[in-house]
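Here is a sequence with its predicted model. Questions after.
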Protein chains: 2
Amino acid sequence: MLKKERQVYILHQLNLHNKVLSSVLSTEMNVSEDTIRRDLYELADEGKLIKVHGGALSRSFNEVHFPSNGVYSQNKKNTIAQKAVSLIKDGMFVLTSGGTTILEMARTLPSQLKATFISGSIPAVLEYTHHPNIEVILIGDKVSKNSKITVGLEAMAKIRQMQADICFLGTNAIDLNHGITENDWDVAQLKKAMIDSSKKVVCLTISEKLDTVQPIQICELKKIHTLITELEPTDPKLRAYAEEGIEVL
Amino acid sequence: MLKKERQVYILHQLNLHNKVLSSVLSTEMNVSEDTIRRDLYELADEGKLIKVHGGALSRSFNEVHFPSNGVYSQNKKNTIAQKAVSLIKDGMFVLTSGGTTILEMARTLPSQLKATFISGSIPAVLEYTHHPNIEVILIGDKVSKNSKITVGLEAMAKIRQMQADICFLGTNAIDLNHGITENDWDVAQLKKAMIDSSKKVVCLTISEKLDTVQPIQICELKKIHTLITELEPTDPKLRAYAEEGIEVL
DNA sequence: TAAATTCTCGCAAAAAAGTGCAAAACCCTG
DNA sequence: CAGGGTTTTGCACTTTTTTGCGAGAATTTA
């Protein structure tokens, strides 16, 4: 990884999270902490960030207000994202749906990960393109305006042609009896196709959406291999799912 | 491998990955690193890339963090965009390439316009989705990290299946003898396909790019129906193009 | 206050770049 | 197609940049 590349990556992380830790960056980019520190000081000299003990802060840290979306669920989504990312190994073909949890996952990807990401979600794809070692495939079709994802027969056909190693689904509703459900028909069809085209299916959801149901069924619970929430795997809410043979993280 | 050939290849790799390493290029093309370095410095002199220790980065790598770039040409692009938009009528199928001029056009669209826009440019598509009455079709394929457009055989095949009413091309170089030219092979192929799939072909370009040439030809001048610049149609620079039968706006 | 983490600083090895030069390839023109 | 001039390329050499490590100092945390 080139020096300049590292520095741009650091600034990008700073934009996303408002702070970075030397220790984290060091393991993420596979260089010594000394190197990271030198990068941080260089960037600090240029006024691009503020160096502090242990890492650096975004220059706008004081001014910036967190998105109204709610810091609560943002933290949850971040822990979910971290668990999810740990499942991705070098060389994998990864299929992802849309949604804010998936987006958070895209932002959490370590920079040295070499993989191919396939998605119809425009925000997610934009995020993937910021990662130096990731190949990005965008699935085309009609664009759904509010969710900024592509939906339709073309997209479905493309997905069905693929055979991904793993697929990550941002999940709107999950329930023991009804499995995964959606409120948008097109999105449901798409997720169905994704499940069929992947060796492993991982559902990401915050705990509020556990045991809820929406009108359109995507699939039975048994098709899911892994369920990721922000809760501990031992949490009683998850017991029933674990008993269905689903790995809970 | 010819020098020009090498340089085109380098720029292409840069579009796809946002970076190149001298060491990698050297083994890939079977020339010494010295030669690669000389190529990189040459391209850097022309402003096509940014030379850094170990290789080079695409220009957009920096611009991401300095969005204030290029205020000069912004006005020009805006007048071009306004002229271009006036050609679009309700109900049309519109094919657009990538580039900043096209992006400016997307921002200039009147809100009551009802049309279908088809593009592989992620920034442009994002812009289109903000317009309530516009249908948006995103062309999928591998994402070029530098230009944030999709390129490849899939994208080309999709475009060739279509028959659009009009297509707008952001043009890098246009010349009386060589027609429209590009520096990226994939993009050139894509634009070729767009031209073949449209009843009417419109080129958008700022006047600086008139009478310039780049390595890869997209098409002859005669295939172009309309040329839009920020100049008055009566400007002497445009006379020669008008005499070729091209409508100049 | 003690333990753990992070930082400073000098140094050495590795990687990349700069330099001067000669061979090879290319391009003319007669 | 021969030969003079130009461009391009590779090589040996030196110089610069980048990076990691170790030991001790400084800072944070418990």
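It's in.

Pass me the low-pLDDT residue ranges in chain A, would you?
Low-confidence segments of chain A (pLDDT under 70): A:61-72.

What residues does it have near DNA strand C?
A:21-23, A:33-34, A:37, A:41, A:52-55 (C-beta under 7 Å from any atom of the strand). All C-beta atoms are positioned from the backbone trio N, CA, C, and that covers glycine.

which SS class is the residue nearest the centre of chain A?
Closest to where the C-alpha atoms of chain A average out (C-alpha atoms, centre = their mean) is A:M105, at 1.7 Å. Secondary structure for A:M105, judged by DSSP: H, G, I helix; E, B strand; the rest coil, is helix.

Domain ranges for chain A, per the record?
Annotated domains of chain A cover A:3-58, A:71-248 [automatic domain parsing].

got a list of contacts for stretch A:180-197?
Stretch A:180-197 is contacted from outside by A:95, A:97-98, A:120, A:144, A:147, A:149, A:151-152, A:155-156, A:159-164, A:167, A:169, A:171-175, A:201, A:203, A:213-219, A:221, A:223-224, using C-beta atoms under 8 Å, 6 or more residues apart in numbering or on different chains.

in it, what's buried?
Along stretch A:180-197, these residues count as buried under the neighbour rule (16 or more other C-beta atoms under 10 Å in any protein chain shown): A:180-182, A:184, A:186-195, A:197.

quick one, what contacts the residue of chain A found nearest chain B?
Going by C-beta to the nearest C-beta, chain B is nearest to A:G140 of chain A, at 2.6 Å. By C-beta under 8 Å, 6+ apart, the residues touching A:G140 are A:120, A:150, A:154-155, A:158, B:120, B:137-141, B:150, B:154-155, B:158.

So which of these sit within strands?
Among the contacts of A:G140, the members found in strands (DSSP state E) are A:150, B:137-138, B:141, B:150.

now the nearest residue in space to A:K77 that is not next to it in sequence: how far from A:Y9?
The shortest distance from A:K77 to any non-neighbouring residue, by C-beta to C-beta, 6 or more residues apart in numbering or on different chains, is to A:E104 (4.4 Å). Distance from A:E104 to A:Y9, counting by C-beta to C-beta, to the nearest Å: 17 Å.

For the two, indicate the residue with more neighbours.
A:E104 (25 against 21; other C-beta atoms under 10 Å in any protein chain shown).

how much space between the more buried one and DNA strand C?
Using C-beta to the nearest atom of the strand, to the nearest Å, we find A:E104 at a distance of 23 Å from DNA strand C.

these two touch, right, that residue and A:A81?
Yes: if you go by C-beta atoms under 8 Å, A:E104 and A:A81 touch, sitting 4.3 Å apart.

Please list only the buried members of the residues of chain A next to DNA strand C.
A:21-22, A:37, A:55.

could those residues be laid out in JSON lines, adding distance to B:S207 and secondary structure?
Putting these into JSON lines (distance: C-beta to C-beta, whole Å; DSSP: H, G, I helix; E, B strand; the rest coil) gives the following:
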{"residue": "A:L21", "distance to B:S207": "49", "secondary structure": "strand"}
{"residue": "A:S22", "distance to B:S207": "49", "secondary structure": "helix"}
{"residue": "A:R37", "distance to B:S207": "48", "secondary structure": "helix"}
{"residue": "A:G55", "distance to B:S207": "48", "secondary structure": "strand"}
